[in-house]
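J.: sequence first, predicted model second:
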Amino acid sequence: MKMNWKKGWGIGAIVALCLVSCSEEEIEYYPMGKKHLGETYTEYSIANIWSTDSVSRIPLNFYAEEVTSLPYVAYDESACVFTFHRGSTDKYLISWDYDTEGSYVEVQYGQNGLWYTVNAQKHTGTYLLTANDGMGVRMCIQSGGSMILSDDEIKYGIGVTVYKFKIEEAEPESTEEDCYQVSGN
């Protein structure tokens, strides 16, 4: 009996989907390796995907002291999120500058599991954030990229270099018109 190639690919895709779905519970999340500002993120594995988001995201992992010197901003190294713990609602400047080789990068703020993108895929910019206790800031990419075999593990190739990711206090009288600038492509 001869099977056409479309049917063979379809059956193969179904089997692969079942294997991924069945083994999804076995995959533990762990963060990507830390990178210094200016270093390039080159790959991630399926275990780096933050599966609690509605869209699969891979948080980028930073050295906290390179991003902020604010003592009341804590960095959770497992979730790769900077969280405000000042005890009051205040204004902050979030600024970024990055290059990418096709990866979709987002600068986000969030609370209670809801994340909002501020950069609209613009590579350079500054955003005025009014944040209260418990709000977080992160930079992440969407899953995707070319599949590669690295260290006997399936990984996905990416190319993201973050030159600047900064969280700092804004002047109390700052307004969005003063601070919000998104430029670049």
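T.: Received the coordinates, thanks. Numbering: from 1, shown residues only.

J.: where's residue 37, which helix or strand?
T.: Following DSSP states H and E, there is no helix or strand that holds residue 37.

J.: give the contact list for the residue nearest to it when sequence neighbours are not counted.
T.: Closest residue in space to residue 37, ignoring its immediate chain neighbours: residue 66 at 5.1 Å, by CB to CB, 6 or more residues apart in numbering. For glycine as for every other residue, the C-beta is placed from the backbone atoms N, C-alpha and C. Counting by CB atoms under 8 Å, 6 or more residues apart in numbering, residue 66 touches 36, 37, 165.

J.: just residue 60 next, same as before
T.: The contact partners of residue 60, by CB under 8 Å, 6+ apart, come to 32, 35, 41, 80, 138, 139, 140, 141, 160, 162.

J.: returning to that earlier point: can the contacts of residue 66 go into CSV with extra columns for neighbour count, pLDDT and distance to residue 72?
T.: Converted to CSV, these look like this (neighbours: other CB atoms under 10 Å; pLDDT from 0 to 100; distance: CB to CB, whole Å):
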residue, neighbour count, pLDDT, distance to residue 72
36, 9, 98, 24
37, 16, 98, 22
165, 21, 98, 18
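
J.: can you list these in a markdown table and add distance to residue 73?
T.: Shown next, in a markdown table, are the contacts of residue 66 (distance: CB to CB, whole Å):
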| residue | distance to residue 73 |
| --- | --- |
| 36 | 19 |
| 37 | 16 |
| 165 | 13 |
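
J.: now the strands for this protein?
T.: Counting by DSSP state E, the chain has these strands, from start to end: 40-44, 57-59, 73-76, 81-84, 90-100, 105-111, 114-117, 124-131, 136-142, 146-150, 153-169, 181-183.

J.: show me what the first one is packed up against.
T.: What that stands for is strand 40-44. The helices and strands touching strand 40-44, judged by 3 or more CB pairs under 8 Å, 6 or more residues apart in numbering; DSSP states H and E, are strand 153-169.

J.: buried residues, the strand it packs on. List them.
T.: Residues of strand 153-169 classed as buried: 155, 156, 158, 160, 161, 162, 165, 166, 167 (neighbour count, 16 or more other CB atoms under 10 Å).

J.: ditto for stretch 34-48
T.: When burial is assessed from 16+ other CB under 10 Å, stretch 34-48 yields the following buried residues: 35, 37, 41, 42, 43, 44, 45, 46, 48.

J.: repeat that for stretch 89-106.
T.: 90-98, 100, 103-106.

J.: centre-most residue in the protein?
T.: For the chain, the residue nearest the mean C-alpha position is residue 140 (1.0 Å; CA atoms, centre = their mean).

J.: in the sheet, who's paired with it?
T.: In this entry, residue 140 is beta-bridged to residue 59, residue 106, by DSSP bridges.
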